[in-house]
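[1] Please find the sequence and the predicted model below.
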Amino acid sequence: MRILVLNGPNLNMLGVREPDIYGRHTYADLVAFIEETAERLGVMADVRQSNHEGELVEWIQQAMGTADAIVINPAAYTHTSVAILDALKAVALPAIEVHLSDVSAREPFRRISYAGMACSETYAGLGFDGYARAMESLVVKK
Ligand code: DQA
């Protein structure tokens with residue numbers, strides 16, 4: 001099974017960025033955690049991060065035929081991007097949304113998730129574990 005794991009804007013700043021919310025672990029730590037999880041589950045993970053909406057849209061489109069499922073933390077684009085929602089709908093691959101923080105307990109604008117409308121599940125507020133939970137769920141559903 002090939003899982004495309006997409007991370008949106010500012011997630012490359014993990015470790016530096018608002019540590020009270022996102023913790024002290026870096027983006028490299030997150031990639032290592034996802035790769036270890038993939039190995040444990042016996043799947044392949046292609047982990048990517050972009051600060052650009054269009055690049056995320058292109059990677060979702062390219063997943064058609066190259067990936068079996070998508071785990072996505074669209075970061076700020078969660079709350080604004082109809083383009084990412086439409087791309088997820090277009091490829092129609094199994095998709096799960098992840099957020100490190102508990103978006104439901106933060107500012108009201110973070111309660112809206114466009115990408116989530118194309119995802120079967122959301123894991124939020126679990127830190128890195130949310131990615132593992134999402135990957136486990138996709139493996140069980142396969
Ligand atoms: C986030 C939550 C978003 O609201 C925020 O814009 C992010 C990160 C999270 O992982 O908790 O950049 O997706």
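    It's in.

[2] Dump stretch 117-135 to PDB, restricted to CA.
    Listed next in PDB are the C-alpha coordinates belonging to stretch 117-135 (Å, rounded to 0.1, in the frame of the first residue of the first chain):
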ATOM      1  CA  MET A 117     -15.400  17.400   3.500                       C
ATOM      2  CA  ALA A 118     -13.500  15.000   1.200                       C
ATOM      3  CA  CYS A 119     -12.000  12.900   4.100                       C
ATOM      4  CA  SER A 120     -13.600  10.000   5.800                       C
ATOM      5  CA  GLU A 121     -12.100  10.800   9.200                       C
ATOM      6  CA  THR A 122     -10.200  13.500  11.100                       C
ATOM      7  CA  TYR A 123      -7.600  13.100  13.800                       C
ATOM      8  CA  ALA A 124      -6.900  16.400  15.600                       C
ATOM      9  CA  GLY A 125      -5.200  17.300  18.800                       C
ATOM     10  CA  LEU A 126      -3.100  14.100  19.000                       C
ATOM     11  CA  GLY A 127       0.200  15.600  17.900                       C
ATOM     12  CA  PHE A 128       2.300  13.200  15.700                       C
ATOM     13  CA  ASP A 129       0.100  10.300  16.800                       C
ATOM     14  CA  GLY A 130      -2.700  11.600  14.700                       C
ATOM     15  CA  TYR A 131      -0.700  10.600  11.600                       C
ATOM     16  CA  ALA A 132      -0.200   7.100  12.900                       C
ATOM     17  CA  ARG A 133      -3.900   6.800  13.700                       C
ATOM     18  CA  ALA A 134      -4.800   7.900  10.200                       C
ATOM     19  CA  MET A 135      -2.300   5.500   8.600                       C
END
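
[3] the helices in the chain, which residues?
    19-22, 27-41, 53-62, 82-91, 129-141 (DSSP state H).

[4] in the longest one, what counts as buried?
    Taking 16 or more other C-beta atoms under 10 Å as the basis for neighbour counts, the residues of helix 27-41 that come out buried are 27, 30-31, 33-34, 37-38, 41. Any C-beta I mention is one placed from the backbone N, CA and C, and that applies to glycine too.

[5] And the first one, by the same measure?
    Neighbour-count burial for helix 19-22, with 16+ other C-beta under 10 Å as criterion, is recorded at Tyr22.

[6] my guess is Ile96 meets Leu138, correct?
    Yes: look at Ile96 against Leu138 with C-beta atoms under 8 Å: they come within range, at 6.3 Å.
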